[in-house]
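Participant: Just the structure for this:
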Amino acid sequence: MAQTISYSQKLSSELENIKTEVQLLRSFLISLGGEDREGRYNPKFVKEILESAKEISVRSFKNSRAFLKEIG
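Facilitator: Residues are numbered from 1 along each chain as shown. Predicted structure coming up:
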């Protein structure tokens, strides 16, 4: 049973390490994507967009026409 706990703790530790690495890689990729032909994006804008992307959508659009009707 001690081996199971040790294995479980090791697995949990490895999972936390992987989560940290994924967060770092994601941050790195976002920094690479933070520039387009016009130059660098405003960091405040990027932060707002990333925060809004985490929110649950309250609307659902089946096609482009429905989307344009909703925003127009």
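
Participant: Return the distance of the longest helix anywhere in the chain from the chain's centre.
Facilitator: Scanning the chain for the longest helix, with DSSP state H as the assignment, gives helix 2-33. The chain centre lies 15 Å from the centre of helix 2-33; the measure is C-alpha atoms, centre = their mean, to the nearest Å.

Participant: contacting residues around Leu15?
Facilitator: Counting by C-beta atoms under 8 Å, 6 or more residues apart in numbering, Leu15 touches no other residue. Every residue, glycine included, has its C-beta placed from N, CA and C.

Participant: How much space separates it from Gln9?
Facilitator: 11 Å (C-beta to C-beta, to the nearest Å).

Participant: same deal with Ala66?
Facilitator: 50 Å.

Participant: Also Ile30?
Facilitator: With C-beta to C-beta as the criterion, Ile30 and Gln9 are 32 Å apart.

Participant: Can you give me the buried ones in the longest helix of the chain?
Facilitator: For helix 2-33, the neighbour count (16 or more other C-beta atoms under 10 Å) marks no residue as buried.

Participant: Quick one: mean pLDDT over that helix.
Facilitator: The pLDDT scores in helix 2-33 average 82.

Participant: Then stretch 48-66?
Facilitator: Here the average pLDDT along stretch 48-66 is 84.

Participant: what's the spacing between it and its chain's center?
Facilitator: 14 Å.
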